[in-house]
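[1] Show me the folded form of this:
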Amino acid sequence: MKNLISKIWAILLVGAIFAVAGLAIAKATYVEVYSSEMTLSFMQTRMVIVKDYSGRKDAPVEYEEETTFYGASDALRYQFLLKSEEMVGKIQNKLKEADPNSQYSAGMIENSLGIATVNEGINGFFKISVTSTDKAYCEKALEVVLEEFPEYVSSFDSTLSIKVIKSPSVPIVYNADGASTKAVYGFIIGALIVAFII
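    Predicted structure coming up:
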């Protein structure tokens, strides 16, 4: 133990060297990932019978409009439709029209898309996101989704109504470089190695 305390300078020095190395690796390998999102409301509006006077001759039937908001259980269905071959193809074609040199593969587009409920306790609101290392793609892809997806989903359910709650956001950096975490790990590993050798 005395030997370990007398060599504390070596432990701290090597720990600092490893910390700097961890920091340098984090900065050198860091790739910015961007994310853009929008919020849509999915609801079903239909007419339901309130009063039925069918027992009387020529009596009117009274209707009332009823609105049902889609919930978390529907998110998987919309996720499936968003990532379907047809929808991905629509996005790919629109991006090609805007930029003939674009090289966005179907797999890349499919993996970049996501849909989830905004809040577990609130039905009807879904957040659609696009995540990619290409900032321009995030922006363009979400615009195409907004243009194509509501109509595509409505083709499966004519009573569905989709409204934009939050327009597509400007892509922001989604991931941190983790430099401080890697520096701390580097320091701990370096210090432990020297302590073990001593």
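[2] Which helix or strand contains the closest residue in space to Gly190 that isn't next to it in sequence?
    Nearest residue to Gly190 in three dimensions, chain neighbours excluded: Phe18, at 2.9 Å (CB to CB, 6 or more residues apart in numbering). Using the backbone N, CA and C atoms, a C-beta is placed for each residue, glycine as well. For Phe18, the enclosing helix or strand under DSSP states H and E is helix 8-29.
[3] Just the CA coordinates for that helix, please, in PDB.
    Below are the C-alpha coordinates for helix 8-29, written out as PDB (Å, rounded to 0.1, in the frame of the first residue of the first chain):
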ATOM      1  CA  ILE A   8       0.500   8.100  -7.000                       C
ATOM      2  CA  TRP A   9       2.100  10.600  -9.400                       C
ATOM      3  CA  ALA A  10       2.600   7.700 -11.900                       C
ATOM      4  CA  ILE A  11      -1.000   6.600 -11.500                       C
ATOM      5  CA  LEU A  12      -2.300  10.200 -12.100                       C
ATOM      6  CA  LEU A  13       0.100  10.800 -15.000                       C
ATOM      7  CA  VAL A  14      -0.900   7.600 -16.900                       C
ATOM      8  CA  GLY A  15      -4.500   8.200 -16.000                       C
ATOM      9  CA  ALA A  16      -4.300  11.700 -17.600                       C
ATOM     10  CA  ILE A  17      -2.600  10.300 -20.700                       C
ATOM     11  CA  PHE A  18      -5.300   7.700 -21.200                       C
ATOM     12  CA  ALA A  19      -8.000  10.400 -20.500                       C
ATOM     13  CA  VAL A  20      -6.500  12.600 -23.300                       C
ATOM     14  CA  ALA A  21      -6.300   9.600 -25.600                       C
ATOM     15  CA  GLY A  22     -10.000   8.800 -24.900                       C
ATOM     16  CA  LEU A  23     -10.900  12.400 -25.600                       C
ATOM     17  CA  ALA A  24      -8.900  12.400 -28.800                       C
ATOM     18  CA  ILE A  25     -10.600   9.100 -30.000                       C
ATOM     19  CA  ALA A  26     -14.000  10.400 -29.200                       C
ATOM     20  CA  LYS A  27     -13.400  13.600 -31.200                       C
ATOM     21  CA  ALA A  28     -11.800  11.700 -34.100                       C
ATOM     22  CA  THR A  29     -14.500   9.100 -34.400                       C
END
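[4] Show me what it is packed up against.
    In terms of contacts (3 or more CB pairs under 8 Å, 6 or more residues apart in numbering; DSSP states H and E), helix 8-29 is packed against helix 179-197.
[5] Just the buried residues of stretch 75-83, please?
    Ala75, Tyr78, Gln79, Leu81, Leu82, Lys83 (16 or more other CB atoms under 10 Å).
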